[in-house]
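>>> Curious how this folds, go ahead:
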Amino acid sequence: MIGVSKLSRALAMLALTVCVMVGATPGTANAQAAIGNTPVSAAAQPADYLLGPADKVRVTVYGEPSLSGEFFISGSGVMSLPLIGEIKAGGMTLGQFQTAVQKSLSDGYLKDPRVSAEVLTFRPFYILGEVEKPGTYPYTAGLTVLNAVATAGGFTYRADKKNVWIKHNGETTEQKSELTPSIVVAPGDTIRLGERFF
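Here you go, the predicted model:
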């Protein structure tokens, strides 16, 4: 009886330990996921973010639902809006774009128009080189190089995991940087992972 009692107690302790470990692991993972994957709204984007081709923008003209909607910026950097037609958007901040739309609407169309604009989807980023699935991917706010690599299927076995080359949208040359978790990717960036030297 004593042997059975000790065995039962040992099994109970083992079961309790397993339950605690299993219970703690998902909780920890979920906590990390919640911290790491917190969605960042368009409003949290830098104030100096410049609009560009393939950005999708929601334009709201207060009190004028027929003039409001979701619009893409064309390859030439213009957006076609109701009533005012094509308006330059590429290379502007959201604030500058809102002001330009308000000015266009107030020039003979509306009296004291109030306009707001927010980016719904950003232009994609590009990743090539030593990743499993190089290509074009949708941009999400707060994207880092490591997130981008994960989106592209991860590193190949021969990838250089110490350095990365990035060409920002509108620039002609790429810059080499040390690959750290804090490197942020901007919409339209081209990321290149090189091959390591053995």
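>>> so which strand or helix has the residue nearest in space to the middle of the chain?
With distances taken as Cα atoms, centre = their mean, T140 lies nearest the centre of the chain, 1.6 Å away. Element membership for T140, per DSSP states H and E: none, as it lies in no helix or strand.
>>> Local confidence estimate at it?
You'll see T140 listed with a pLDDT of 86.
>>> which is the next helix or strand following the lowest-mean-pLDDT helix or strand in the chain?
Scoring the helices and strands of the chain by mean pLDDT, DSSP states H and E places helix 2-36 at the bottom, with a mean of 40. Per DSSP H and E, the first helix or strand lying C-terminal to helix 2-36 is strand 56-61.
>>> That following strand: which residues count as buried?
V57, V59, T60, V61 (16 or more other Cβ atoms under 10 Å). Glycine gets a C-beta too; all of them are placed from N, C-alpha and C.
>>> can you check stretch 120-139 too?
Buried positions in stretch 120-139, judged by neighbour count with 16+ other Cβ under 10 Å: T121, F122, R123, F125, Y126, I127, G129, E130, V131, P134, Y137, Y139.
>>> So the last one versus E86, what's the distance?
Just to be clear, that refers to Y139. According to Cβ to Cβ, to the nearest Å, Y139 and E86 sit 25 Å apart.
>>> What of the third one?
Between R123 and E86 the distance, using Cβ to Cβ, works out to 19 Å.
>>> Check the fifth one too.
Between Y126 and E86 the distance, using Cβ to Cβ, works out to 27 Å.
>>> Contacts made by stretch 120-129 with the rest, please.
Applying Cβ atoms under 8 Å, 6 or more residues apart in numbering, the set of residues contacting stretch 120-129 from outside is 42, 52-58, 70, 134-141, 143, 148-149, 151-152, 159, 165, 169, 185-195.
>>> Quick one: buried ones out of these?
With burial judged by 16+ other Cβ under 10 Å, the buried subset of those is 42, 52-53, 55, 57, 134, 137, 139-140, 143, 148-149, 151-152, 159, 165, 185-193.
>>> mind listing which of the residues you listed are in helices?
A148, V149, T151 (DSSP state H).
>>> Next, format those as TSV and append distance to Y109.
As requested, these are exported to TSV (distance: Cβ to Cβ, whole Å):
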residue	distance to Y109
A148	42
V149	48
T151	43
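>>> could those go into TSV alongside distance to S66 and pLDDT?
Below are these laid out as TSV (distance: Cβ to Cβ, whole Å; pLDDT from 0 to 100):
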residue	distance to S66	pLDDT
A148	39	96
V149	44	97
T151	38	96
